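J.: task: produce atomic coordinates for the following.
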Amino acid sequence: MGREYLMLNEFKNLNSSKKVIVGLIALLILPITLLLLSGEFLVKSIKDRKIPKAIIAGVLTVALS
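T.: A predicted model of the protein is given here:
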């Protein structure tokens, strides 16, 4: 509860315009993060030769890109 609590308090203490900027940055980074994670999931499932997981990961990667 230490570091997260401090970051949450810092966010609460920001003025409205800075909160909006932080929110926009978070919204821009989220899809990129999801795309990278689904790509990693695809590569790992292909390496492990798990065909159903590879199909799911491929669909996720295409849907997010």
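J.: what distance do you get for residue 47 to residue 40?
T.: Using Cβ to Cβ, to the nearest Å, we find residue 47 at a distance of 11 Å from residue 40. (Glycine included, C-beta is placed from N, CA and C.)
J.: out of those two, which sits in the more crowded spot?
T.: A direct count of neighbours by other Cβ atoms under 10 Å for residue 47 and residue 40 places residue 40 higher, at 12 against 9.
J.: pLDDT wise, what is that one at?
T.: Per-residue confidence (pLDDT) for residue 40: 89.
J.: list the residues that contact residue 34.
T.: Residues near residue 34 by Cβ atoms under 8 Å, 6 or more residues apart in numbering: residue 64.
J.: try it again at 10 Å.
T.: Contacts here follow Cβ atoms under 10 Å, 6 or more residues apart in numbering; on that basis residue 34 touches 60, 61, 63, 64.
J.: okay, now residue 38: neighbour count?
T.: By other Cβ under 10 Å, neighbour count at residue 38 equals 20.
J.: isn't it right next to residue 63, touching?
T.: Yes: the pair residue 38 / residue 63 is scored as a contact, 8.4 Å apart, by Cβ atoms under 10 Å.
J.: quick one, helices of this structure?
T.: Shown for the chain, the helices assigned by DSSP state H span residues 2-13, 16-47, 51-64.
J.: could you check the pLDDT of residue 25?
T.: Residue-level pLDDT assigned to residue 25 equals 94.
J.: now this structure, which segments are flagged as low pLDDT?
T.: Counting by pLDDT under 70, the ranges of the chain that qualify are 1-2.
J.: let's see it at 90
T.: Judged against pLDDT under 90, the low-scoring parts of the chain cover residues 1-14, 31-46, 48-65.
J.: which residues touch the residue most central in space within it?
T.: The structure's the chain has its C-alpha centroid closest to residue 33; by Cα atoms, centre = their mean the separation is 3.6 Å. If you count contacts by Cβ under 10 Å, 6+ apart, residue 33 has them with 26, 64.
J.: just say which of the helices of the chain is most tucked in.
T.: Comparing these by mean neighbour count (mean count of other Cβ atoms under 10 Å), helix 51-64 comes out on top with a mean of 14.
J.: out of the contacts of residue 34, which comes closest to residue 12?
T.: Using Cβ to Cβ, the shortest approach to residue 12 within those belongs to residue 64, at 31.2 Å.
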